[in-house]
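A.B. asks: sequence plus predicted model, see below.
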Amino acid sequence: MWLLRLIARPFGYLAFIVALLALSGAARLLGETHELGFFSGRLVRMVWRYPEVTRRGVQMAWLVWAVLLGIALSPIDPIASWWDEVALGAVALVVLWQRIPGGHQAGR
């Protein structure tokens with residue numbers, strides 16, 4: 001049983017981060033005036049305030065991103081185009097844009 005948990009835990013972390021990103025996207029799309037947008041916005045802000053809850057999921061997401069980038073840059077790349085590298089770079093830039101002083105930061 002412990003082996004199954006060891007294998008499944010990283011997928012749980014990724015599912016948690018994807019769910020938080022989906023909740024954040026719903027809050028932005030629906031806006032504060034919509035009841036569901038207001039609720040999802042408050043919920044996602046509350047969860048993101050606790051880094052001890054989200055830290056492992058974010059670390060796992062970056063690890064998966066690094067593995068995907070390594071595969072995309074290697075000769076065994078399943079996609080013959082360079083668009084996969086561009087897409088992975090764009091994902092990293094969007095995330096990092098929110099971390100620099102001019103971007104949006106959680107908890108404000």
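C.D. replies: That came through fine.
A.B. asks: residue 17 and residue 75: what is the separation?
C.D. replies: 30 Å (C-beta to C-beta, to the nearest Å). Using the backbone N, CA and C atoms, a C-beta is placed for each residue, glycine as well.
A.B. asks: which positions in the lengthiest helix in the chain come out as buried?
C.D. replies: The residue-count maximum for a helix in the chain (DSSP state H) belongs to helix 2-30. Judged by neighbour count (16 or more other C-beta atoms under 10 Å), helix 2-30 contains these buried residues: 10, 13, 16, 17, 20, 23, 24, 26, 27, 30.
A.B. asks: who are the packing partners of it?
C.D. replies: Packing partners of helix 2-30 (3 or more C-beta pairs under 8 Å, 6 or more residues apart in numbering; DSSP states H and E): helix 35-48, helix 51-73.
A.B. asks: worst average pLDDT in the ones you listed?
C.D. replies: Looking over those, mean pLDDT reaches its minimum on helix 51-73, with a mean of 85.
A.B. asks: would you mark the buried spots in the next helix or strand after that helix?
C.D. replies: Moving toward the C-terminus from helix 51-73, the next helix or strand (DSSP states H and E) is helix 83-97. Judged by neighbour count (16+ other C-beta under 10 Å), helix 83-97 contains these buried residues: 84, 88.
A.B. asks: quick one, helix 83-97 and helix 51-73 angle?
C.D. replies: Relative orientation of helix 83-97 and helix 51-73, computed by axes from the mean of the first three to the mean of the last three C-alpha atoms, to 10 degrees: 150 degrees.
A.B. asks: roughly how far apart are the most centrally placed residue in the chain and residue 2?
C.D. replies: The centre of the chain sits closest to residue 17, judged by C-alpha atoms, centre = their mean, with a distance of 5.2 Å. Residue 17 is 23 Å from residue 2, where distance means C-beta to C-beta.
A.B. asks: residue 78 now?
C.D. replies: Per C-beta to C-beta, residue 78 is found 33 Å from residue 2.
A.B. asks: what does residue 26 give?
C.D. replies: Distance, residue 26 to residue 2, by C-beta to C-beta: 35 Å.
A.B. asks: could you report the distance from residue 54 to residue 8?
C.D. replies: 19 Å.
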